[in-house]
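predicted coordinates and the sequence they were generated for:
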Amino acid sequence: MKVGLLIIDMQESIVQKKMDQTSIDHACEYINHVANVLRTNNHVVIHVQDVEGIEEAAPDDYRIIPEVDVNEKDITVTKEASNAFWQTDLEQVLKSHGIELLIISGFAAEECVLFTYNGAMERGFRPVMLQNGILSTHHDAVMSTYRDRNVISYPVVDYLIQ
């Protein structure tokens with residue numbers, strides 16, 4: 001089974017101004033671990049970047065935060081809507097790599113992460129939320145996401161992949 005990891009909206013202008021550093025570091029520890037396990041075993045890591053409004057802003061504001069490890073083999077998909085599948089080539093990218101299980105991480109649990117999870121379900125992928133790998137400015141949004149959606153922990157990823 002081919003596995004993909006989506007890292008959604010972990011960008012300077014989105015995360016750094018809304019989240020405290022401890023929360024960012026905590027989520028990135030889990031995201032980076034899973035990304036490394038997947039890369040090492042020839043699976044796919046995709047960074048989803050929100051570029052809505054980029055014309056009016058400094059380009060550096062849209063770069064991925066330094067706490068997220070980026071590899072030259074990683075794929076980047078840009079989006080302008082909350083659902084990373086909406087009017088992007090994400091579905092084609094996943095299908096071209098044979099992705100079945102889609103691990104979703106990033107910011108924000110109640111918006112882009114959730115809408116992309118739903119978009120993956122609608123397109124026949126098997127999405128799971130990365131436990132401790134999603135962020136929100138609303139703690140209850142993270143908890144309800146874990147409660148109401150399929151969740152995977154990093155030890156299970158390690159077991160499945162290795």
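It's in.

so what's the residue count around the closest residue to residue 104 other than its chain neighbours?
Distances taken as C-beta to C-beta, 6 or more residues apart in numbering put residue 6 closest to residue 104, at 5.0 Å, once the chain neighbours are dropped. Using the backbone N, CA and C atoms, a C-beta is placed for each residue, glycine as well. By other C-beta atoms under 10 Å, 27 other residues sit near residue 6.

secondary structure element holding residue 6?
According to DSSP states H and E, residue 6 maps onto strand 2-8.

who's in contact with the helix or strand following that strand?
Sequence order places helix 21-40 as the next helix or strand after strand 2-8, per DSSP H and E. By C-beta atoms under 8 Å, 6 or more residues apart in numbering, the surrounding residues in contact with helix 21-40 are 3-5, 7, 10, 15-16, 44-45, 65, 67-69, 71, 73-74, 103, 105-106, 130-135, 154, 157-158, 161-162.

could you give the separation of helix 21-40 from the chain centroid?
11 Å (C-alpha atoms, centre = their mean, to the nearest Å).

buried ones in it?
23-24, 27-28, 30-35, 37-39 (16 or more other C-beta atoms under 10 Å).

and the residue lying closest to residue 87 once chain neighbours are set aside, how far is that from residue 63?
What sits nearest to residue 87 in space, not counting adjacent residues and going by C-beta to C-beta, 6+ apart, is residue 81, at 6.5 Å. Using C-beta to C-beta, to the nearest Å, residue 81 is found at 20 Å from residue 63.

likewise residue 112?
Taking C-beta to C-beta, one finds residue 112 at 17 Å from residue 63.

distance check, the residue most central in space within the chain against residue 29.
Geometric centre of the chain, nearest residue: residue 7, 2.3 Å, by C-alpha atoms, centre = their mean. Applying C-beta to C-beta, the value for residue 7 to residue 29 is 13 Å.

same check, this time on residue 96
Distance, residue 96 to residue 29, by C-beta to C-beta: 30 Å.

right, I'll call it a day here.
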